[in-house]
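Enquirer: show me how the following folds:
(chains A and B)
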Amino acid sequence: MNGTATKLEKDRRAYWAMVLPSFLIYLFVFGFPIVLAIVLSLSNYSGGKMFGGTPWRITGFQQYLRLFTDPYFWNALKNNIYIVLISVFGQLPLGFVFAYLIYRKTVRFEAFWQGVLYVPAMISTIVVGILWSIIFSPYGPIADTANHYYADTYSAKISGIVQATGGLSNPDALTDQIIKASPKTIHTVFSDPAVDLKDFLLSYDPSDTATLEKDIVNLLAPRWNADFLSKNNIAMIPICFVTLWMWVGTYLLIFLANMQKIDRSIIEAAQIDGASETQIMGRVVLPSLSKVIANSAILCISGSLSGFALILAMTGGGPARVTQVLSIYMYDKAFMGAPDYPLANAIAIMIVLFSLLLVALMFALERRFGGKE
Amino acid sequence: MNQQDLRMHAKKPIKPGTMLGKAGAYIVMGVFAFMTIYPLVWLFLNSFKSTTEFRTNMMGLPVDWTFDNYITSWKIGEFDKLIGNSILYTLGSTVGITFFSLLTGFAFAKIKSKATGLIYGSFIIGILLTIQSLMVPLFLEVTSIDRGIGDILRSLGLIGPGEFRLFHNTRFGVLIIYIGSALPVGIYMCTEFIRGIPSAIIEAAQIDGAGYFRIFRSIIVGMSRPIAMTLSILNIPLLWNEFALINILVSETSLKSLPLGIYKFSGGLSSDYGKQFAALVIGMLPMLLFYIAFRRQITAGVSMGALKE
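Expert: Predicted coordinates:
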């Protein structure tokens, strides 16, 4: 009897020696910060020494009240919801459909699609953010391509006009036609186009229409100032797009691997019964993946709630804070300008609650609509 | 009809509608693949253009190939230091995460204890939490602990008047927090894996007089190599690319990691495209090479569905 007692005691010691270090690190990184965030979000702590510095005390829920009356909080929450929506209803369905197309061999070269579409997930979010912010900037390749196109069309128009009017032999008609051809830009360059443009045209050598045409195009071709990320009402669109772009490959891999675990004979049986491709997808493959989809949605939600580095690198939350998400809003309050730690901690708690709420919702949905095991 | 006939019957001739669907599938997936490959190729090519050339030749191949962007941005970004730090943080925490996950996973899976339900459950909750959302309290925690310990040691006359650092602005602090942030997923994966190892093997070793630590060292570590591989291969890119936490944990350049250095190129240097592009390539190349080298293992690991963004 004594022997078993000491064995149990030894087992107990081994257990705690194996569990405690991890658990203490875990408490240090997750547990204690959560408690600290709850306490500070109810306090008036204003920085400095936490103990023995300026005294601070618990003041109640006023930080949360401040939060709920701050329009920037609601804006950040709204942006977070956009990102959650694009993640759950963009990444997951696209990943699923792509995986299905590969699984059913509708498209071949399985390894190629898997390999390429997962690449974005391997690149640092900071690199991704900066790269796409360049692509979407007025100096980026999208704007450049569009403006080359505009310039080419405009150039063709101008040479048509020069030929039709006979060039500088008929400066009045030429001036008139050019003004008509460039309604958007003419007034940004010439204050009184009819007079100023004519003077400008007459300063050229009548025989060298090529130079004239080139200069007119450079000066008056319409330009698209494609500042996607600095327009208040559309700046979230590129961010949502990049979020989608980054993670579709991940869900493609997850779904494909799980589809390949489905018993082939079930699908063959469905085909024999005359099921169409969409029916097989909707009635056979989708239900047997419901648990995986629910788990992926949880991954998706907790991932999209971080989204911190991407937005910091793409817009920094600008212009005028319209692309802030909760984590950027929190970061701003704590580390930019005068620190407002109680409010920042209240935001942290709100993020935690929001994500737990969404996860609970996912579980409930899976339980209600999920396929049977 | 027998089974064979049914199979034959199921293979219908391809209808024009299916052809159209096929074409559509190729186009949509092709667009996505293009949107992945093209920006990266574009970035790579432009990193060899001078900023002046980039302004006039944005889309084409470089006319004057130059390596200057790399030389200058390497110097400005102090990338030699940062890459060293990144390697240390990534490998150090990967080893730590794998070790602690296996050890604790083994205890949860194979040693009976009433505490397992509660503690394992609390780790599972950690999977659902995003550590980035806790960056403010985490920052306050590490700075306050450092300050508190410093004050005590100073009043005991053990250290001089300088700043005391344990967790904030130290490599140790980064490692501990990286390890902690990945433990929930790691412990979950290892516990589930080790549960699959037959208990008979462990009992046999116990009969031979081996204690749990001995069993862990001589049996579990060896048998858990697949899960240890998966865990490491999933964690390496996440840790290498981590930004939000190290951004608040470290403020000295000598301790920064690569993503923090790259981020510097988004602000004041943002109009100097050549250097910026070179920095971005430096930022993504290590993990692209890692991906090329371990693509199979990464694909298999991700599809286990255990990846946390």
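
Enquirer: only C-alpha atoms for contact and neighbour calcs from this point on.
Expert: Will do.

Enquirer: just to check, residue B:83 is in contact with residue B:259?
Expert: No - with contact defined as Cα atoms under 8 Å, residue B:83 does not count as touching residue B:259 (9.5 Å).

Enquirer: which of those two has more residues huddled nearby?
Expert: residue B:259 (26 against 20; other Cα atoms under 10 Å in any protein chain shown).

Enquirer: quick check: chain neighbours aside, which residue is closest to whichever residue of chain A sits closest to chain B?
Expert: Chain B sits closest to residue A:254 of chain A, with a gap of 3.9 Å, by Cα to the nearest Cα. Spatial nearest neighbour of residue A:254, excluding adjacent residues (Cα to Cα, 6 or more residues apart in numbering or on different chains): residue B:303 at 3.9 Å.

Enquirer: before we move on, the earlier item: from residue A:286, how far out is the residue of chain A closest to chain B?
Expert: Distance, residue A:254 to residue A:286, using Cα to Cα, to the nearest Å: 13 Å.

Enquirer: who's more crowded, those two?
Expert: Between residue A:254 and residue A:286, counted using other Cα under 10 Å, the more crowded position is residue A:254 (25 against 20).

Enquirer: from what I see, the more buried one and residue B:302 are in contact.
Expert: Yes - counting by Cα under 8 Å, residue A:254 touches residue B:302, with 6.4 Å between them.

Enquirer: tell me how many other residues surround residue A:335.
Expert: Neighbours of residue A:335 using other Cα under 10 Å come to 14.

Enquirer: one more: residue A:210?
Expert: 12.

Enquirer: secondary structure element for it?
Expert: helix A:209-220 (DSSP states H and E).

Enquirer: name the residues of the helix or strand following that helix that come out as buried.
Expert: Using DSSP H and E, the helix or strand that follows helix A:209-220 in sequence is helix A:236-259. Within helix A:236-259, the residues that count as buried by 16 or more other Cα atoms under 10 Å in any protein chain shown are A:236, A:238-240, A:242-259.

Enquirer: report the distance from helix A:236-259 to the chain centre.
Expert: 11 Å (Cα atoms, centre = their mean, to the nearest Å).

Enquirer: next one: stretch A:245-260
Expert: Here stretch A:245-260 is found 18 Å from its chain centre; the criterion is Cα atoms, centre = their mean.

Enquirer: who touches that stretch?
Expert: A:91-92, A:94-96, A:98-100, A:102-103, A:114, A:117-121, A:285, A:289, A:292-293, A:296, B:32, B:36, B:299-300, B:302-305 (Cα atoms under 8 Å, 6 or more residues apart in numbering or on different chains).

Enquirer: among these, which are located in strands?
Expert: In this view, the contacts of stretch A:245-260 have no member that belongs to strands under DSSP state E.

Enquirer: mind checking which of those residues are buried?
Expert: A:91-92, A:94-96, A:98-100, A:102-103, A:114, A:117-121, A:285, A:289, A:292-293, A:296, B:32, B:36, B:299-300, B:302-305.

Enquirer: now the strands for the chain?
Expert: By default, I'm working from chain A. Counting by DSSP E, chain A has no strands to list.

Enquirer: just give the closest residue to residue A:144, not the sequence neighbours.
Expert: residue B:58 (7.4 Å).

Enquirer: quick one, phi psi at that neighbour?
Expert: phi -80, psi -30 (degrees, to the nearest 10).

Enquirer: with residue B:224 instead?
Expert: According to degrees, to the nearest 10, residue B:224 has phi -90, psi 10.

Enquirer: and it, what does it touch?
Expert: With Cα under 8 Å, 6+ apart, residue B:224 has these contacts: B:102, B:193-194.

Enquirer: tell me, how many residues neighbour the closest residue to residue A:12 other than its chain neighbours?
Expert: Nearest residue to residue A:12 in three dimensions, chain neighbours excluded: residue B:113, at 7.6 Å (Cα to Cα, 6+ apart). Residue B:113 sits with 14 neighbouring residues when counted by other Cα under 10 Å.

Enquirer: need the three-state assignment for residue B:113.
Expert: The three-state label given to residue B:113 by DSSP: H, G, I helix; E, B strand; the rest coil is coil.

Enquirer: which pLDDT value does the model give it?
Expert: Here, the pLDDT recorded for residue B:113 equals 93.

Enquirer: for the nearest residue to residue A:39 once chain neighbours are set aside, give the beta-bridge partners.
Expert: Closest residue in space to residue A:39, ignoring its immediate chain neighbours: residue A:58 at 7.5 Å, by Cα to Cα, 6+ apart. For residue A:58, the beta-bridge partners are residue A:43 (DSSP bridges).

Enquirer: hang on, residue A:58 packs against residue A:44?
Expert: Yes - between residue A:58 and residue A:44 there is a contact at 6.6 Å, judged by Cα under 8 Å.
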